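**Q** Just a sequence and a predicted model for now, questions to come.
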Amino acid sequence: MDGEDHALGVRACGGRHDGDEYPCQAMASSARAHERAAELLEQMAAAHPEEADLHLQAAARHRRWAANDRELAQKYAPRDGGFDG
């Protein structure tokens with residue numbers, strides 16, 4: 001592996017064994033952002049009936065992504081606590 005290839009092997013810092021809460025917090029924050037996006041898209045659907053179907057489809061995707069992020073945050077939460085999401 002030369003110098004350029006070595007950069008591809010970079011691994012994330014921290015983790016459950018280090019007590020690092022950052023990954024969990026990032027996923028919980030992402031879940032909240034997806035929920036906010038879904039709410040906005042649902043409001044847009046109500047305001048623009050001609051595009052409501054597309055907005056509602058996008059909102060459903062954001063809700064699925066939020067659920068996935070919450071699941072990951074729970075899975076990788078530090079052993080001594082939960083997550084904020």
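**A** Perfect, thanks for sending it. Computed from a predicted structure; not experimentally measured. Residues are numbered from 1 along each chain as shown.
**Q** By mean pLDDT, flag the weakest helix or strand of this protein.
**A** Ranking every helix and strand in the chain by mean pLDDT, DSSP states H and E puts helix 3-6 at the bottom, with a mean of 42.
**Q** I'd like the next helix or strand past that one.
**A** helix 22-47 (DSSP states H and E).
**Q** Just the buried positions in that next one, please.
**A** Buried residues in helix 22-47, counted by 16 or more other Cβ atoms under 10 Å: 23-24, 27-28, 30-31, 34-35, 37-38, 41-42, 44-45. Bear in mind the C-beta positions are built from the backbone N, C-alpha and C, glycine included.
**Q** And stretch 59-67, by the same measure?
**A** For stretch 59-67, by 16+ other Cβ under 10 Å, it's 59, 62-63, 65-66.
**Q** of those residues, closest to Q74?
**A** A66 (12.6 Å; Cβ to Cβ).
**Q** In contact with that closest one: list those residues for me.
**A** Going by Cβ atoms under 8 Å, 6 or more residues apart in numbering, A66 touches 30-32, 34-35, 38.
**Q** what would the residues you listed look like in a markdown table with distance to H55 and pLDDT?
**A** What follows is the contacts of A66, written out as a markdown table (distance: Cβ to Cβ, whole Å; pLDDT from 0 to 100):
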| residue | distance to H55 | pLDDT |
| --- | --- | --- |
| S30 | 21 | 96 |
| A31 | 20 | 97 |
| R32 | 20 | 97 |
| H34 | 15 | 98 |
| E35 | 15 | 98 |
| A38 | 10 | 98 |
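**Q** Alright, that wraps it up for me.
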